[in-house]
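Asker: Give me the fold of what follows.
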Amino acid sequence: MPTVLEFGPVTALLVISIVLALIISNISRLMGPHRPTYRKSVPYESGMKPIGPATRRLPVKFYLVAVLFIIFDIEVIFFLPWAVSMRDLGVYGLAVMAIFTVILIVGFVYEWKKGGLEWE
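Answerer: So this is what the prediction gives:
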């Protein structure tokens with residue numbers, strides 16, 4: 001079982017990275033010129049006056065695709081460690097991953113039948 005001391009360098013690197021990012025962003029914010037004007041706050045549209053709002057709402061379909069991607073990406077996160085230690089886990093590990101795979105396939109078929117993968 002890994003001890004906390006084994007993760008010391010990783011923790012130190014994480015803390016140093018966060019602190020360095022905060023320092024650099026704050027120095028940039030403090031030293032950079034700030035002269036807000038109306039023209040700087042207006043969205044640029046090829047030198048012409050803006051037509052309509054600058055931000056448009058994204059269709060829900062984009063969010064659905066993003067959620068499905070995250071779900072199946074997490075699936076890969078579970079499969080990779082299992083593939084590495086498959087021999088050590090034996091039949092029990094194979095059975096657990098088979099159940100996990102069946103659950104994922106059932107979810108995928110359900111999403112497919114509901115039309116979640118169709119782009120309309």
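
Asker: how near is Val84 to Thr3?
Answerer: Relative to Thr3, Val84 is positioned 21 Å away (C-beta to C-beta, to the nearest Å). The C-beta positions use only the backbone N, C-alpha and C, and glycine is treated the same way.

Asker: do Leu13 as well
Answerer: Counting by C-beta to C-beta, the gap from Leu13 to Thr3 is 18 Å.

Asker: out of these two, which sits in the more crowded spot?
Answerer: Leu13 (10 against 7; other C-beta atoms under 10 Å).

Asker: and the more buried one, what element?
Answerer: helix 8-31 (DSSP states H and E).

Asker: after that helix comes which helix or strand?
Answerer: By DSSP H and E, the next helix or strand past helix 8-31 is helix 38-41.

Asker: ok, and what's touching that following helix?
Answerer: Outside helix 38-41, not one residue touches it by C-beta atoms under 8 Å, 6 or more residues apart in numbering.

Asker: list the buried ones in that helix?
Answerer: When burial is assessed from 16 or more other C-beta atoms under 10 Å, helix 38-41 yields no buried residues.

Asker: Could the C-alpha coordinates of that helix be exported in CSV?
Answerer: The C-alpha coordinates for helix 38-41 follow below in CSV (Å, rounded to 0.1, in the frame of the first residue of the first chain):
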residue,chain,number,x,y,z
TYR,A,38,-17.0,51.4,-25.2
ARG,A,39,-15.3,50.3,-28.4
LYS,A,40,-13.3,47.6,-26.5
SER,A,41,-16.4,46.2,-24.9
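
Asker: OK, contacts around Phe100?
Answerer: Contacts of Phe100 (C-beta under 8 Å, 6+ apart): Phe78.
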